[in-house]
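Colleague: missing the sequence, but the structure's below:
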């Protein structure tokens, strides 16, 4: 059974699914899903009322992208870029970049925002005191962020909804497939330079995209403001703040930012999971709800205001190869249905 919706994080209630006729990858080149840029029609910014009446966020959002492929969310929660419809379902790109047919799921045509819970599956990321993994924490905060955005009328897709491995290229393809106007990858940090009087939040932006920089500044501003209110014994890197990082080729160091060029993206390291004091805070619902609300507020401000954000710093010089990890080597696809 196929379903089509405009956008959103979907609670799947689909009946029996089948992954194509045999669930085996088709031996053919992966098509270019994005030969032409999608036309995104933005509404003009609404002027602020002089009364106490607030215009709802949903009425100020830019229009959804048109003529984008969309994604299919399978009955197991896998988000797969859509290649083309078939008489019985769709052909999609799996997380490990195989082309398969699926017969059940929910099609999402377009979305304002894609939230990327970093890591997943065999790539656990940092591990905090008590065994809390970054992958699990990222997913929980991302799901709460999506819920906070949807409550304001913002359409959202997550790159993953379960604990699966997903290459960075596929995550970026999801953002392009739904014509996302903001793409935020949520992470939690490790290995700080030392103690700090303030939260050590770091948000990285794409070097050649002013809108990526603005998005990052707004997410940082909201996140740090929320963390200060929670309080902790903070740690930080010496250049904490909003910044870029280059590799030896002069492009973005972090793969998620390189792969998502063309979509305003932010890589947010919200707090230090490796710091025992912060790890205790990160395990709490109080932190997770606060961070979800803060990241959502930063994204909404990006979508409906011209605000620039704050926290911009010049990073100390790093001359390094491109960031490793997040590739497709050794990737094993999860069940789709």
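Modeller: Sure, I can see it. Just so it is clear, the model here is predicted, and its values are computed rather than measured. Numbering: from 1, shown residues only.
Colleague: low-confidence ranges in the stretch 51-200 of the chain?
Modeller: Residues of the stretch 51-200 of the chain meeting the criterion pLDDT under 70: 51-53.
Colleague: Show me the strands in it, by range?
Modeller: Assigned by DSSP state E, counting those that start in this stretch, the stretch 51-200 of the chain shows strands spanning 71-73, 79-86, 89-93, 99-102, 105-108, 113-117, 156-158, 182-189, 194-195.
Colleague: Of those, which is nearest residue 133?
Modeller: strand 182-189 (9.6 Å; CB to CB). Every C-beta, even on glycine, is put in place using the N, C-alpha and C of the backbone.
Colleague: separation between the residue nearest to residue 296 when sequence neighbours are not counted and residue 292?
Modeller: The spatial neighbour of residue 296 that comes closest, neighbours along the chain excluded (CB to CB, 6 or more residues apart in numbering), is residue 148 at 3.8 Å. Residue 148 sits at a distance of 5 Å from residue 292 (criterion: CB to CB, to the nearest Å).
Colleague: From residue 334, how far off is residue 168?
Modeller: 17 Å.
Colleague: can you check residue 281 too?
Modeller: For residue 281, the distance to residue 334 - CB to CB - is 31 Å.
Colleague: do you know which of the strands of the stretch 51-200 of the chain lies nearest residue 270?
Modeller: strand 182-189 (5.8 Å).
Colleague: Can you name every helix or strand that the closest one contacts?
Modeller: For strand 182-189, the elements it packs on are strand 113-117, helix 134-150, helix 168-177, helix 210-230, strand 265-272, helix 285-304, judged by 3 or more CB pairs under 8 Å, 6 or more residues apart in numbering; DSSP states H and E.
Colleague: give me that answer again for 6 Å
Modeller: Here strand 182-189 touches strand 113-117, helix 134-150, strand 265-272, going by 3 or more CB pairs under 6 Å, 6 or more residues apart in numbering; DSSP states H and E.
Colleague: Check the separation of the first and last residues in stretch 162-176.
Modeller: One end of stretch 162-176 to the other measures 21 Å (CA to CA, to the nearest Å).
Colleague: and that stretch, how far out from the chain's middle?
Modeller: Once both centres are worked out by CA atoms, centre = their mean, to the nearest Å, stretch 162-176 turns out to sit 9 Å from its chain's centre.
Colleague: So for it, what gets flagged as buried?
Modeller: By 16 or more other CB atoms under 10 Å, the buried positions in stretch 162-176 come out as 163-176.
Colleague: Need the residues that contact that stretch.
Modeller: The contact list for stretch 162-176, computed with CB atoms under 6 Å, 6 or more residues apart in numbering, reads 34, 71, 77, 79, 81, 95, 114, 116, 120-123, 159-160, 183, 255-256, 259-260, 263, 326-328, 331, 334.
Colleague: can you list the helices and strands packed on strand 182-189 in a markdown table and add mean neighbour count?
Modeller: Output for the helices and strands packed on strand 182-189, formatted as a markdown table (neighbours: other CB atoms under 10 Å):
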| stretch | mean neighbour count |
| --- | --- |
| strand 113-117 | 29 |
| helix 134-150 | 23 |
| strand 265-272 | 28 |
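Colleague: and the ones you listed as a markdown table, adding distance to residue 242?
Modeller: Putting these into a markdown table (distance: least, CB to CB, whole Å) gives the following:
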| stretch | distance to residue 242 |
| --- | --- |
| strand 113-117 | 18 |
| helix 134-150 | 18 |
| strand 265-272 | 9 |
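Colleague: And these: which comes nearest residue 297?
Modeller: Between residue 297 and the helices and strands packed on strand 182-189, the tightest spacing by CB to CB is seen for helix 134-150, at 8.1 Å.
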